[in-house]
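Colleague: With the sequence up front, the predicted model follows.
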Amino acid sequence: MLLDGLREVPASDPVLRADDLGVVRGESVFETLRVVDGRPCFLDEHLERLARSAARLEIVLPDGFEELARTASAGAADAGLRLTMTKGGVGFAVLFEVAADTVRGRQGINVVTLPLGVAADFRRTAPWLLGGVKSTSYAVNMATLRHAHGQGADDAIWVSTDGYVLEAPTSTVVALVDGVLVSPPPESGILPGTTLLACRRLVDVQVAPLPVEDLRAATEVALLSSLRGIAPVLALDDRPLGAGPVVRGLAAAFEASLRS
């Protein structure tokens, strides 16, 4: 569905020019939302993040994305919704079925840690690296996931060169450390998680630097994302963890909040 006039087009119809900068340079921004009972969940938070990302890439974000999201979501019982705005001036929404692997991931995933190659604070002082921007330049993210899959894992957690947890390629990290849920701060250049924000309305989550050694000593770990929700980490770097009561309780509360 296109933003211009909210026109619905067949999925097989092209909507982008070959010279759109979103195609040739990856200069587009996007958001992926969960749709439940015809309602795009946490839409305000996603639109705010879309606007921040667009500003960083100097993309003009037109009015109408809220109406576009609500129109595209109408009638969907449980689905995913992707909103995209390209630097070529094209805005569109795609409603899609959530993949079976994503749904299974809500029961638990195996994760490996991988170095991202930057210090925890470096992207905060290097705006050209686009830390905290949700752009369509996702080649590194996808390559990270392929590497994790090649090691027999479902996902990965990026860590900094100075020994701190950053984020996952498509998720936010939380860990139960000494009885307290901790998640790395977005000031370090990671993407501010909309699912984390929703969870912090349900339970106490401390946003603070998370050393890798604390992650590896944590009694429970989870990855948070819009479509997969709260995914318990069952094994981290081959160390069994299991889905503990804190993460299970958070997952149940989060799923209930989607329908409230």
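Modeller: Now that the structure is in, tell me what you want to look at. Just so you know, these numbers come straight off a predicted model, no measurement behind them.
Colleague: Thought Glu31 was touching Leu47, still the case?
Modeller: Yes: Leu47 is within contact range of Glu31, at 7.5 Å (criterion: C-beta atoms under 8 Å). For glycine as for every other residue, the C-beta is placed from the backbone atoms N, C-alpha and C.
Colleague: These two - which one has more neighbours?
Modeller: Glu31 (25 against 18; other C-beta atoms under 10 Å).
Colleague: Name the helix or strand for that one, please.
Modeller: Using DSSP states H and E, the secondary-structure element containing Glu31 is strand 28-36.
Colleague: who's in contact with that strand?
Modeller: With contacts defined as C-beta atoms under 8 Å, 6 or more residues apart in numbering, strand 28-36 is touched by 21-22, 40-43, 46-47, 49-50, 53-54, 57, 59, 61, 69, 73, 76-87, 95, 98, 133-136, 226-227, 229, 258-259.
Colleague: Tell me where the stretch 151-260 of the chain has helices.
Modeller: Counting by DSSP state H, counting those that start in this stretch, the stretch 151-260 of the chain has helices at residues 194-200, 212-217, 245-258.
Colleague: got those helices as JSON lines, with mean pLDDT columns?
Modeller: Converted to JSON lines, the helices of the stretch 151-260 of the chain look like this (pLDDT from 0 to 100):
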{"stretch": "helix 194-200", "mean pLDDT": "97"}
{"stretch": "helix 212-217", "mean pLDDT": "97"}
{"stretch": "helix 245-258", "mean pLDDT": "96"}
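Colleague: Out of these, which is closest to Asp121?
Modeller: Ranking those by proximity to Asp121 (C-beta to C-beta) places helix 212-217 first, at 15.2 Å.
Colleague: That closest one packs against which elements?
Modeller: Other helices and strands packing on helix 212-217, by 3 or more C-beta pairs under 8 Å, 6 or more residues apart in numbering; DSSP states H and E, are strand 172-177.
Colleague: Please repeat the previous calculation with a cut-off of 10 Å.
Modeller: Judged by 3 or more C-beta pairs under 10 Å, 6 or more residues apart in numbering; DSSP states H and E, the packing partners of helix 212-217 are strand 109-115, strand 155-159, strand 172-177, strand 229-236.
Colleague: low pLDDT regions in this structure?
Modeller: Scanning the chain for pLDDT under 70 picks out nothing.
Colleague: try 90 this time
Modeller: 1, 4-14, 124-125, 187-188, 242, 259-260 (pLDDT under 90).
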